[in-house]
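1. Just the structure for this:
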Amino acid sequence: MVADGRSSLHARNEEIQRQVQQQQQRLPDPAGSARALTRTQSGATAFAQGIVTLTCTGNSSTALNGLNLNDSFGDGEFTGTAVLSWKPFTKLLTYASYAKGYKAGGYNLDRSDLGGVNGVLSARSNADAAGLRFNAEKVNNYEIGAKFNTRQFTLNVAAFRQEFTDFQLNTFNGSIFVVQNVQGCKDNLNGLDSDNGFNPVTGAQTGTCAPNRAKKAGVISQGVELEATMSPIKQVTFTAGYTYADTFARKNLVGSSTTGEALDRALFLLPGSQLSNAPKNVVTTSFAWTPDIGKNGLSGLFYVDSRLSSDYNTGSDLAPEKKQDGFAVVNARVGLRGKDQIWALEFWAQNVFNKNYIQVAFNTPFQGAGSSANVAAYGGTGNALYSAFLAEPRTYGLTLRSRF
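-> Numbers count the residues shown, from 1 in each chain. Sure thing, here's the model as predicted:
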């Protein structure tokens, strides 16, 4: 292992200027509308003057210290919301909404990715700095729904669709961090976005798209949400919710809407697949009981909630070894509260049944290569090792609160 003689300097300056205009217009009762508009302006600058890293990651030579890796760009976008609502009768509200979101672009500060797939095959130049850019992420969100409300019962129902352009994805492939935008191409790539192909002479990956054709949203999230609350008596409340979210990457993917560059080979499983950390089904429940104790204002607290998730993959490259099976987590709280809740003493527990599950799985650095999916698709040997960040185990404690 060899380290550079000088430390690296990375600076990212971002100036955000927001102008917000929000108008609310009342239509003849019982209809209403609301609109909001936001302008976000951002700029980013990156400087690289060397980095302490491992030589086997590539781009670790001290020769890079002689380069002036300097690049900058500016970006801005209007964002906003528009809502149209109508109350057919007092207890029921229906609505339709549109929202546009924006997340600024930036730079991959892992210098190992300089030059992309050719980074270790040829000499680097100052012009390579621009290759570390990633674009701003934008989303169009559409939603329709209804809210029914009575004194003892509420029900909310919504259907939604979100379309992401230049979805930002950060992937650790076992040696370096690859940051790309996930973008759709309007042309049929004939599976080149999900193969292991590259030009044997130049090393360039196959599956590129003409920039003027790379204008299709790359990630879609759509589904329905249900949420209900019931309070049959004053001290008792039940809640239940269900979300079905089909969050997937489209087929014919590339890594940028501006360059149409090929999707990184580490992401060959992504086209047409469910996105990482996005379970299709989630069920939530809770129960709360706050009985009066005596006639001095004391009250008790008995509370429990749960969250049930279906299967999902925890790795951005969707390697099968990173899959997490469905699981449920239960939390609980029991307590005693004083008059007007001036004080409260509560015993609580999180993850009551000590469920073990993975939050994020990743390739163990420099420990083999190739998942079972690589072997199934391309043959060869898959001997990669994997590590994971696990969720918190069962925790419990005692909390004393007071107001004065």
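2. use CA for all of it now, contacts and neighbours both
-> Noted.
3. residue ranges of the helices in this structure, please?
-> Assigned by DSSP state H, the chain shows helices spanning 372-378.
4. quick one: low-confidence parts of it?
-> The model of the chain has pLDDT under 70 over residues 1-63, 116-122, 196-204.
5. Ramachandran angles for the residue positioned nearest the centre of the chain?
-> Nearest to the mean C-alpha position of the chain, by Cα atoms, centre = their mean, lies Asn277 at 7.7 Å. The phi/psi pair for Asn277 (degrees, to the nearest 10) reads phi 50, psi 40.
6. Now do the same contact list for it.
-> With contact set as Cα atoms under 8 Å, 6 or more residues apart in numbering, Asn277 has these partners: 312-315.
7. now, which of those lie within strands?
-> Members of the contacts of Asn277 lying in strands (criterion: DSSP state E): 312-313.
8. Just the buried residues of the contacts of Asn277.
-> Among those, those scoring as buried are 312-315 (criterion: 16 or more other Cα atoms under 10 Å).
9. Strands along the stretch 301-404 of the chain, start to end?
-> With DSSP state E, counting those that start in this stretch as the definition, the stretch 301-404 of the chain shows strands at residue ranges 312-313, 323-324, 327-337, 343-350, 358-363, 386-390, 395-402.
10. and the fourth one, what other elements does it pack with?
-> Put plainly, it is strand 343-350. Secondary-structure packing of strand 343-350 (3 or more Cα pairs under 8 Å, 6 or more residues apart in numbering; DSSP states H and E): strand 327-337, strand 395-402.
11. repeat for the third one
-> Where contact means 3+ Cα pairs under 8 Å, 6+ apart, strand 327-337 is packed against strand 298-309, strand 343-350.
12. The shortest one versus strand 298-309: what angle between them?
-> Same thing as strand 343-350. If you take axes from the mean of the first three to the mean of the last three Cα atoms, to 10 degrees, strand 343-350 sits at 20 degrees to strand 298-309.
13. which residues make contact with strand 343-350 from outside it?
-> Applying Cα under 8 Å, 6+ apart, the contact partners of strand 343-350 are 330-338, 394-403.
14. with the contacts of Asn277 in mind, which one is nearest to Val157?
-> The closest of the contacts of Asn277 to Val157 turns out to be Tyr312 (Cα to Cα; 24.3 Å).
15. For the longest strand anywhere in the chain, buried residues please.
-> Longest strand in the chain, counting residues (DSSP E): strand 69-89. For strand 69-89, burial by neighbour count (16+ other Cα under 10 Å) applies to 69, 71-72, 76-77, 79-87.
16. in the stretch 101-250 of the chain, which spans are strands?
-> 106-107, 133-134, 137-149, 153-165, 167-172, 177-184, 216-217, 219-230, 236-249.
17. would you list those in a markdown table and tack on mean neighbour count and distance to Gln205?
-> Formatted as a markdown table, the strands of the stretch 101-250 of the chain follow (neighbours: other Cα atoms under 10 Å; distance: least, Cα to Cα, whole Å):
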| stretch | mean neighbour count | distance to Gln205 |
| --- | --- | --- |
| strand 106-107 | 24 | 21 |
| strand 133-134 | 22 | 18 |
| strand 137-149 | 18 | 23 |
| strand 153-165 | 19 | 22 |
| strand 167-172 | 18 | 17 |
| strand 177-184 | 25 | 14 |
| strand 216-217 | 22 | 20 |
| strand 219-230 | 18 | 22 |
| strand 236-249 | 19 | 20 |
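18. Which among the ones you listed is found nearest to Val375?
-> Of the strands of the stretch 101-250 of the chain, nearest to Val375 by Cα to Cα is strand 167-172, at 19.1 Å.
19. coming back round to it: include distance to Gly297 when you put the contacts of Asn277 into CSV, please.
-> Output for the contacts of Asn277, formatted as CSV (distance: Cα to Cα, whole Å):
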residue, distance to Gly297
Tyr312, 47
Asn313, 49
Thr314, 48
Gly315, 51
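20. Mind picking the two most distant members of the contacts of Asn277?
-> Pairwise distances across these peak at 9.3 Å for Tyr312 and Gly315 (criterion: Cα to Cα).
21. Thanks a lot, catch you later.
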